[in-house]
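J.: What follows is a protein structure lacking sequence information:
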């Protein structure tokens, strides 16, 4: 008993961790769409706002990307489902010894990186365009055409897998019986096989559209003048994002949840109706008095769908009436006051540090005065006051003797000429 309880507890803990890991980022990103900061964040929470939904619907690039993604998705669905159905039918009718090889060839595009598919698609159709002598603005160089072709090369393989799984349960005797009754192959396909394949075709179409809508690697090389939503989002992330991206994510999550609940509610409704018909009597079936179960009876998906729809309507109504202007103004004023307090604190700390430095300088012991004499080996030769000192000492210096002690006498004396001329005059 204890072991069973421990296993159940471990299972619930594992499921909790798994769903938290799987859905946690979506919940956090959806919550940031209702927070007022310009950068997507959940904490700290500032103000409840719906302005980012308005910013999303005013963004022309995002709207244009959504429209291009829808066009590319529609074209990819048509082409991929058609090729996938043809490949699935071929797989069931080909020679059994070649099925493994054929299956490997059909599945190969799934294993090839999307970057390679995008580059090869661009290069191949560019060569075809040049061979046909068409210009750069031809439909073979159109971004929509190249993107649809590039995405369909591998999405068709996914569609084929879905269709093969359904086709394996098909009884070929039904087609043979239709042919024996005089139906043509086209009539047997349209009236017998196609209705049987309809659920798988719908599933393959949804899978193809979602795979096309979120594709980025292949589309990067082929979009041309028609950027899809993923291309626009990547460019916005490169230059800075806003919570408008979170608003878009929230809308996509809500639409996905509504579609999933609607599908689940429809399936449960069909199961309940089939069970009621099995329990009904022949008289009730013939008289048409069969009481079918209510829409919400034993159908939790229907109740959840109505609850989500009510919450969505309530949020939309609140967004139309609620104005966060006063809350945003209060938050901005609070941020301004906090900024001023931080500035004042920084100034106060700077003033304290400056005062401490002044106090340390005041307490320092003054350095002793340097002696006037120089202790270097040159004496006072390089002292700045030697020039003035020597000029003042010149009058006090002793006069040099008039006589010259050199061996040439006064021959080179500047006064010798004047003295000689005067002496000559005297001798005359």
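T.: Okay, I see it. Predicted model, so just to flag it, every value in this text is computed and none were measured. Numbering: from 1, shown residues only.

J.: could you show me where the helices are in the stretch 1-150 of the chain, in order?
T.: Per DSSP state H, counting those that start in this stretch, the stretch 1-150 of the chain carries helices over the ranges 2-32, 51-58, 60-93, 99-111, 114-131, 143-167.

J.: what number of residues lie near residue 68?
T.: 22 (other CB atoms under 10 Å). All C-beta atoms are positioned from the backbone trio N, CA, C, and that covers glycine.

J.: before we move on, the earlier item: as JSON lines, the helices of the stretch 1-150 of the chain with mean pLDDT would be great.
T.: Below are the helices of the stretch 1-150 of the chain laid out as JSON lines (pLDDT from 0 to 100):
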{"stretch": "helix 2-32", "mean pLDDT": "87"}
{"stretch": "helix 51-58", "mean pLDDT": "89"}
{"stretch": "helix 60-93", "mean pLDDT": "93"}
{"stretch": "helix 99-111", "mean pLDDT": "89"}
{"stretch": "helix 114-131", "mean pLDDT": "91"}
{"stretch": "helix 143-167", "mean pLDDT": "93"}
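
J.: Just the element for residue 225, please.
T.: Residue 225 belongs to no helix or strand when assigned by DSSP states H and E.

J.: Kindly apply the preceding question to residue 268 instead.
T.: Residue 268 belongs to helix 243-279 when elements are defined using DSSP H and E.

J.: buried residues in that helix?
T.: 243-250, 254, 261, 264-265, 268-269, 272 (16 or more other CB atoms under 10 Å).

J.: Also stretch 228-235?
T.: Across stretch 228-235, burial judged by 16+ other CB under 10 Å covers 228-233.

J.: Just name the most buried of the helices of the stretch 1-150 of the chain.
T.: Ranked by mean neighbour count under mean count of other CB atoms under 10 Å, these are led by helix 143-167, which reaches a mean of 22.

J.: Let me know the next secondary structure element after that helix.
T.: Following the chain from helix 143-167 toward its C-terminal end, the next helix or strand by DSSP H and E is helix 172-180.

J.: could you give the angle of that following helix to helix 60-93?
T.: 80 degrees (axes from the mean of the first three to the mean of the last three CA atoms, to 10 degrees).

J.: measure residue 140 to residue 231 for me?
T.: Using CB to CB, to the nearest Å, one gets 21 Å for the distance from residue 140 to residue 231.

J.: Also residue 303?
T.: When distances are taken as CB to CB, residue 303 and residue 231 turn out to be 40 Å apart.

J.: returning to that earlier point: could I get the buried residues of stretch 228-235 as a markdown table with secondary structure, pLDDT and distance to residue 162?
T.: As requested, these are arranged in a markdown table below (DSSP: H, G, I helix; E, B strand; the rest coil; pLDDT from 0 to 100; distance: CB to CB, whole Å):
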| residue | secondary structure | pLDDT | distance to residue 162 |
| --- | --- | --- | --- |
| 228 | coil | 92 | 23 |
| 229 | helix | 92 | 24 |
| 230 | helix | 92 | 23 |
| 231 | helix | 92 | 27 |
| 232 | helix | 90 | 29 |
| 233 | helix | 89 | 28 |
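
J.: The residues you listed into TSV, with extra columns for distance to residue 348?
T.: As requested, these are arranged in TSV below (distance: CB to CB, whole Å):
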residue	distance to residue 348
228	55
229	51
230	51
231	51
232	48
233	46
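
J.: Spatially, which two of these are the most separated?
T.: With distances taken as CB to CB, the most widely separated pair in the buried residues of stretch 228-235 is 228 and 233, at 9.1 Å.

J.: Quick check: neighbours shared by the two?
T.: By CB atoms under 8 Å, 6 or more residues apart in numbering, residue 228 and residue 233 have these common neighbours: residue 65.

J.: Can you pull the poorly scored residue ranges out of the stretch 201-350 of the chain?
T.: Across the stretch 201-350 of the chain, residues meeting the criterion (pLDDT under 70) sit at 281-295.

J.: if we go to 90?
T.: For the stretch 201-350 of the chain, the stretches flagged by pLDDT under 90 are 223-225, 233-246, 256, 259-309, 311-336.

J.: What separation do you get for the closest residue to residue 241 other than its chain neighbours and residue 32?
T.: Leaving aside its chain neighbours, residue 241 sits nearest to residue 40 (6.5 Å; criterion: CB to CB, 6 or more residues apart in numbering). Residue 40 sits 4 Å away from residue 32 when distances are taken as CB to CB.

J.: and if you look at residue 152?
T.: For residue 152, the distance to residue 32 under the criterion CB to CB works out to 35 Å.

J.: residues in contact with the residue nearest to residue 179 when sequence neighbours are not counted?
T.: Of all residues not flanking residue 179 in the chain, residue 188 sits nearest, at 5.8 Å (CB to CB, 6+ apart). By CB under 8 Å, 6+ apart, residue 188 lies in contact with 175, 178-179.
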